[in-house]
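[1] would you be able to build a 3D model of this:
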Amino acid sequence: MKRSLWDRRIPTVIGLIIITVGLMATTLLVKNGSLFQIKAGPGQDPKNIKTTNLSDISFTVSYITDDEVIGTLNYGSDPNLLDNVVLDDRDQLSQSVNKYKIHSISVKNLNPNTTYYFSITSGDKKYLNNSKAYETKTGNVIDKNPSSQIPMAGKVILSDGSSPPEGLIYINIDSAQKLSTYLKNDGTYTIPLNNLRNEDLNDYFTIDAITIINIEVFSQNFSSSASVSPGDISPVPPITLSNNYDFSNSFNENSSSASESSQSFPSFGTVSKADEPKILTPD
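    Predicted coordinates for the structure are as follows:
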């Protein structure tokens, strides 16, 4: 029994309808930007966001990402107008952006005692603080000269003795502001302490002999902490990542041991003239 022409064309007609609907759907998705839209991955999300190095004219924002991405900062004194862009500290001189996992961005030339707002652009996404701009406030002008405190300097290494590719150093002192800087390519760091302020940012902080300086180091998947006394900061003993140290205890223990040794040094008394040695041979 022969099939009619219409019967033979039904599958073809259905196929054409499916193709047409598919083309229309694809066109609509392309126009809406939905077909090739890729959501931002978690590897570019900023972690451990901290604001440090606050003064009357500047502040620093630092954070870590799992992936190497470009990081910049948008800021302004109006939370709805963040039209100033700042590059990573390592890119500010060359004015060319590079990808990092460790990010440190310093904002300079600000006004004293002023609230500033900022957002972080990490990779291809802008990050806010619960849908609002982050905010921080600069300190007052201090009308006196900074102290003569020497800077803190040291070196961070990996367990095999090599230098970490990137890293952040944080300085925490009770009742003082937080300071930070990034590791150089050879693992060394230097943090000036003569401009260190108190927590209220209205005066310089005085470091005395009993001050304990706490150090935090972050480098990709590694971290370390250390405590050090002011007399042992130039240089700080080397820090091997993933290890924690208390150099302040060793410093104090060495000092007290030396003191105890000097106090308990044995006395040989006075040698009498009658006990003086005599030469018998030769006559």
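[2] for the chain, which residue occupies the most central location?
    residue 168 (3.5 Å; C-alpha atoms, centre = their mean).
[3] so what's that residue up against?
    62, 64, 102, 104, 180-183, 217-219 (C-beta atoms under 8 Å, 6 or more residues apart in numbering). Where you see a C-beta, it was placed from the backbone N, CA and C, and this is true even at glycine.
[4] with pLDDT and distance to residue 164 added, can I get these in JSON lines?
    Formatted as JSON lines, the contacts of residue 168 follow (pLDDT from 0 to 100; distance: C-beta to C-beta, whole Å):
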{"residue": "62", "pLDDT": "98", "distance to residue 164": "16"}
{"residue": "64", "pLDDT": "96", "distance to residue 164": "13"}
{"residue": "102", "pLDDT": "96", "distance to residue 164": "9"}
{"residue": "104", "pLDDT": "97", "distance to residue 164": "14"}
{"residue": "180", "pLDDT": "98", "distance to residue 164": "16"}
{"residue": "181", "pLDDT": "97", "distance to residue 164": "14"}
{"residue": "182", "pLDDT": "94", "distance to residue 164": "11"}
{"residue": "183", "pLDDT": "96", "distance to residue 164": "6"}
{"residue": "217", "pLDDT": "97", "distance to residue 164": "9"}
{"residue": "218", "pLDDT": "96", "distance to residue 164": "10"}
{"residue": "219", "pLDDT": "92", "distance to residue 164": "4"}
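[5] any idea which of those residues is closest to residue 248?
    residue 217 (16.2 Å; C-beta to C-beta).
[6] low-confidence ranges in the stretch 151-283 of the chain?
    Along the stretch 151-283 of the chain, segments meeting pLDDT under 70 span 249-283.
[7] next, format the contacts of residue 168 as JSON lines and append distance to residue 46.
    As requested, these are exported to JSON lines (distance: C-beta to C-beta, whole Å):
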{"residue": "62", "distance to residue 46": "9"}
{"residue": "64", "distance to residue 46": "7"}
{"residue": "102", "distance to residue 46": "11"}
{"residue": "104", "distance to residue 46": "12"}
{"residue": "180", "distance to residue 46": "15"}
{"residue": "181", "distance to residue 46": "18"}
{"residue": "182", "distance to residue 46": "15"}
{"residue": "183", "distance to residue 46": "19"}
{"residue": "217", "distance to residue 46": "19"}
{"residue": "218", "distance to residue 46": "13"}
{"residue": "219", "distance to residue 46": "16"}
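[8] what's the farthest-apart pair in these?
    64 and 181, at 14.6 Å, using C-beta to C-beta across those.
[9] let's see which of the contacts of residue 168 end up in strands.
    62, 64, 102, 104, 180-182, 217-219 (DSSP state E).
[10] many thanks, I have nothing further to ask.
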